[in-house]
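Student: below are the sequence and a predicted model; questions follow.
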Amino acid sequence: MPGPLAGVKVLDFSTTFSGPYCTLQLADLGADIVKIEAPGGDITRALGTSREPGMGSVFLACNRGKSSFVLDLKDESSCEVIDSLIESADAIVHNMRPSAAEKLGIGPDRALGVNPRLVHLAITGYDASGPYGRRPAYDDTIQAMSGLAWLQGLHGGEPTYVASAVVDKVTGLSAAMALIAALYAAERTGMGQAVEVPMFETMVGFNLTEQWGGRAFVPALGDTGYARLRSTYRRPYRTKDGVISALVYHEGHWRRFLDAVGKGHLLELDEFRSATARNDNIDELYRLLAEELATRTTDEWLELFERIDVPVARVKSLDELFDDEHLKAVDFFHEVGDGADRYLTTRPAFRFSATPVADPPDMRTPDRLGEGEAHARSWAAIPPEGL
């Protein structure tokens, strides 16, 4: 595989979303990923739509470019094979609780004892040093614990979940960044290390970024909050014949929009004159925006906003994305595989000028359970009778 991580070997002991999403980023960047699966396989093999058992759409999305190797970590006879793989690896990724990883022989102390240059990365629910450290965690529980479900419920009256595994994916991206940084340090120093990426702390920092409000100061100047993002009127708006997203954000946007609808004088009022004043009175401005957008058609507003250079977009369903003109123009969706084993996938969004990643036609489709065993054994020089 080409890419900036070509030649990097990663052992992936993770399941479901956060770990596989982390190692998907690494695979797309060219790393050689050996995915260790229990005899029953990753649970996501059975999730979503499937054409054949064990190849569900959720599994396909997160596991392209990885070699599947089936090992029963609870079977002591697997220890020799695992140690051989660890000796040959640059990194390990798992998303088990620390106690489970230790019990199965892939905890940081043992792994680094086998290979001192190894980067051992554990995605956990909570920082292991805290009172929540032993708790199980999933996307939904962390959405609840981190304040995200509460934020989502501000307008509907009840806390609600984002309709996406956003915690797993944000944590997976953070884990990939942390692992690449640790690999860079190992390259410079010759020393490996254990890295922990907890879901809870990752999402608390993520959610608070723009929401600190008065709690950013000591002593606190008030509660958390960012008025614009919490406004009841911040939403896609109804036009005469549809729904659009229009982001009238900074002073230039507001001036051009209000001038276009004959209300430019409003910016001379004290409550709208400065960015601070507009943020404090954002409900009134957004209410005005909603009322104005209801007076014209979607096409009329798209033309106007594009002409005055204010961000605007149609509200699209996921299914509509497959016909999006921009995504078609940049060749974002691709068919991969051969014959009956053809799948639709996305290419990596990032571009590298000197170390380009694999073109979609050259992407490896996700392995069936155990299909990558030969590659994994050659990777670690394990003979076929190794088990």
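Tutor: Yep, it's here. Numbers count the residues shown, from 1 in each chain.
Student: for the most far-flung residue of the chain relative to its centre, what are phi and psi?
Tutor: In the chain, the greatest distance from the average C-alpha position (Cα atoms, centre = their mean) is reached by residue 265, at 43.2 Å. Main-chain torsions, residue 265, degrees, to the nearest 10: phi -60, psi -20.
Student: roughly how far does it sit from residue 307?
Tutor: For residue 265, the distance to residue 307 (Cβ to Cβ, to the nearest Å) stands at 21 Å. Placement of C-beta: from N, CA and C, glycine included.
Student: ok, which stretches of the stretch 201-350 of the chain are helices?
Tutor: Here the stretch 201-350 of the chain has its helices, by DSSP state H, counting those that start in this stretch, at 227-230, 251-260, 275-280, 282-293, 298-307, 325-329.
Student: now for these, which one comes closest to residue 62?
Tutor: helix 325-329 (20.0 Å; Cβ to Cβ).
Student: for that closest one, buried residues please.
Tutor: By neighbour count with 16 or more other Cβ atoms under 10 Å, helix 325-329 contains no buried residues.
Student: so which elements touch that helix?
Tutor: Helices and strands touching helix 325-329, as assessed by 3 or more Cβ pairs under 8 Å, 6 or more residues apart in numbering; DSSP states H and E, are absent.
Student: now tell me what touches it from outside.
Tutor: For helix 325-329, contacts defined as Cβ atoms under 8 Å, 6 or more residues apart in numbering pick out 321, 333.
Student: so for it, mean pLDDT?
Tutor: Per-residue pLDDT over helix 325-329 has a mean of 97.
Student: just stretch 122-135 next, same as before
Tutor: Per-residue scores along stretch 122-135 average to 94.
Student: just give the nearest non-adjacent residue to the residue farthest from the centre of the chain, would you?
Tutor: Leaving aside its sequence neighbours, residue 265 sits nearest to residue 258 (Cβ to Cβ, 6 or more residues apart in numbering; 8.0 Å).
Student: residue 224 now?
Tutor: Closest to residue 224 by Cβ to Cβ, 6+ apart is residue 213, at 4.4 Å.
Student: hmm, residue 365 and residue 337 touching each other?
Tutor: Yes - in this structure, residue 337 is within contact of residue 365 by Cβ atoms under 8 Å, at 4.3 Å.
Student: which neighbours do those two have in common?
Tutor: Common neighbours of residue 337 and residue 365 (Cβ under 8 Å, 6+ apart) are residue 343.
Student: related to what we said a few turns ago, give me the neighbour count for the residue nearest to residue 224.
Tutor: Burial of residue 213 is recorded as 17 neighbouring residues (other Cβ atoms under 10 Å).
Student: can you give me the distance of it to residue 279?
Tutor: Distance from residue 213 to residue 279, by Cβ to Cβ: 11 Å.
Student: now stretch 239-253: buried residues?
Tutor: Buried residues in stretch 239-253, counted by 16+ other Cβ under 10 Å: 239, 244, 246, 248, 253.
Student: just stretch 59-73 next, same as before
Tutor: For stretch 59-73, a neighbour-count test (16+ other Cβ under 10 Å) marks 59-71, 73 as buried.
Student: so what's residue 197 bridging to?
Tutor: As for beta bridges, residue 197 partners with residue 123 under DSSP bridges.
Student: that one reaches residue 171, doesn't it?
Tutor: Yes - counting by Cβ under 8 Å, residue 171 is a contact partner of residue 197 at 6.3 Å.
Student: these two: which has the busier surroundings?
Tutor: A direct count of neighbours by other Cβ under 10 Å for residue 197 and residue 171 places residue 171 higher, at 31 against 25.
Student: show me what contacts the more buried one?
Tutor: Shown in contact with residue 171 (Cβ under 8 Å, 6+ apart): 18, 22, 123, 197, 199, 202, 203.
Student: most widely separated two among those residues?
Tutor: 22 and 203 (14.9 Å).
Student: neighbours of the nearest residue to residue 241 once chain neighbours are set aside, how many?
Tutor: Sequence neighbours aside, residue 297 is the residue nearest to residue 241 in space, at 5.0 Å (criterion: Cβ to Cβ, 6+ apart). By the criterion of other Cβ under 10 Å, residue 297 has 13 neighbours.
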